[in-house]
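1. Below are the sequence and a predicted model for it; my questions follow.
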Amino acid sequence: MESAPTVVPVEREELLPAGILASVVLGGAAVALGRPILALVAFAVTIVLGLGLLWLRFGFYRVRYWRQLQPDHVFPGEPVTLSLVLENAKPLPLPWVEVVEELPAALVIEGQQLEPSPKPERKVLRTLLSVGIAERVQRRYPARARRRGFYRLGPTRLTTGDPFGLARARLEIEPGGTLLVYPEIRPLESFGLPAEHPLGDATPLRPLLEDPLRIQGARPYQPGDSPRQIHWRATACLGELQTRLLERSAAPVLALFLDVNTFEHFWEGIRPGELEWAISLTASLASWGIEQGYQVGLWVNAPLVGGERFIRIRPGRHPHQLRRLLEALAMLVPHTGHRIEQLLSAEARLLSGGVTIVLVTALVTENLRRTLLALRQQGYGIALIAVGTSAGLLPRRGLAIFELEGERAPAA
């Protein structure tokens, strides 16, 4: 801080000027009366009180404080380093500075016992520093993030004073620095999905458009193939009818829909263990889809931190698409008042043919079943993943059903 900050006097601030005045008067009287020892004591008290007032008024002048986490984008359990930096750019040392840093409870500081905070999901790190003239002090702490989320560091309270403990001043630092923890990505078979064909028979009934000018190869003719697609040159060479294989005009699309509702009624709250498990499953499906060459999109009936009402990320194969998807899932706020079937119906109309819709939900209602069957009739491939509940539907062509147990982990 280049200019003198606004400090909050903690104690005895109003007594120091009066004490200085009284000691000066007493010292002057002692000199006039010829009492050198009393005058010496009075002037010594004046100096001590003056130093206390000096630290009180200018202790935080030209003092800078900041904190940061490196790296600030991690997966659960990965190591991070928390750095607290205090810089004093004035010709007055700070013999002691107490730093009280508020941190997210999901951040575990190795080797440190954090104090409880009156705020929910927060902890307090308390440390004591000493900073000399024109000096910068940095304290590093190894840490690990325990669970998915978007976290802010701070606010911070700094307290300093004179070496004699006569007065103290406090400075409040606004929150600064963030940590984004992605959902855990695991192999799909660890969730209970098939290893070879995780989406089962969710092939879209209305495939992607094919480019008639881009012939990929040929295959034996099958009843129902269009005569226009017969590959006459291959037929002449092989002596039996062959059908042209055409390249698709676009990459297949994987539309991931995540439902954060875990109870029929919104006022019942959520089951955090199952929801976090479903979020991790959705992140793993996104990673798998990108690896398989899909254009992957994401829709969630919940908002981002400080964002819009719903999460909407259009399908894409951009190199940073997976990072966008994981960041959205990390910043997801698990609160909603919207049914997933309404979001499905509204957003599916904006998707083209050849789309495979994957719905991850812990709440399968009758309206949702009707919506999924209607989307299947429109040509979409559907994969319903019911977490900890019954799907109430039978699998069929274009509709794959998975009933997974999930994990009922307690809220941390």
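-> Alright, I've got the coordinates.

2. right, and residue 251 touches residue 296 too?
-> No. Counting by Cβ atoms under 8 Å, residue 296 is not a contact partner of residue 251; they are 9.8 Å apart. Just so you know, the C-beta spots here come from the backbone N, C-alpha and C atoms, and that holds for glycine as well.

3. More neighbours: these two, which one.
-> A direct count of neighbours by other Cβ atoms under 10 Å for residue 251 and residue 296 places residue 296 higher, at 29 against 16.

4. Residue 316 is in contact with the more buried one, correct?
-> Yes. With contact defined as Cβ under 8 Å, residue 296 reaches residue 316; the gap is 7.4 Å.

5. Output the below-cut-off pLDDT ranges for the stretch 301-412 of the chain.
-> 336-337, 352-353, 406-412 (pLDDT under 70).

6. in its sheet, what does the helix or strand that contains residue 382 sit against?
-> Using DSSP states H and E, residue 382 sits in strand 381-387. Partners of strand 381-387 in the sheet, by DSSP bridges, are strand 355-361 (parallel), strand 399-404 (parallel).

7. contact partners of the first one?
-> Around strand 355-361, the neighbours that count as contacts under Cβ atoms under 8 Å, 6 or more residues apart in numbering are 199, 202-204, 252-259, 261, 278, 281-282, 285, 294, 340, 344, 348, 368, 372, 375, 380-387, 389.

8. try 6 Å
-> Defining contact as Cβ atoms under 6 Å, 6 or more residues apart in numbering, one finds that strand 355-361 is touched by 202, 204, 253-259, 278, 281-282, 380-385.

9. go on, the last one?
-> Outside of strand 399-404, the residues within contact range by Cβ under 6 Å, 6+ apart are 192, 199-202, 376, 382-387, 391, 393, 395.

10. Please identify which of the residues you listed is nearest to residue 88.
-> Residue 88 lies nearest to residue 387 out of the contacts of strand 399-404, by Cβ to Cβ, at 53.8 Å.

11. Pretty sure residue 405 is one of the things the closest one touches, is it not?
-> No. If you go by Cβ atoms under 6 Å, residue 387 and residue 405 don't touch, sitting 7.9 Å apart.

12. Hmm, residue 125 and residue 101 touching each other?
-> Yes. Applying Cβ under 6 Å, one finds residue 101 in contact with residue 125, separated by 4.5 Å.

13. Would you check that residue 329 makes contact with residue 283?
-> Yes. Using Cβ under 6 Å, residue 329 is in contact with residue 283, at 5.3 Å.

14. Tell me the bridge partners for the residue nearest the centre of the chain.
-> With distances taken as Cα atoms, centre = their mean, residue 150 lies nearest the centre of the chain, 2.7 Å away. Taking DSSP bridges as the rule, residue 150 bridges to residue 180.
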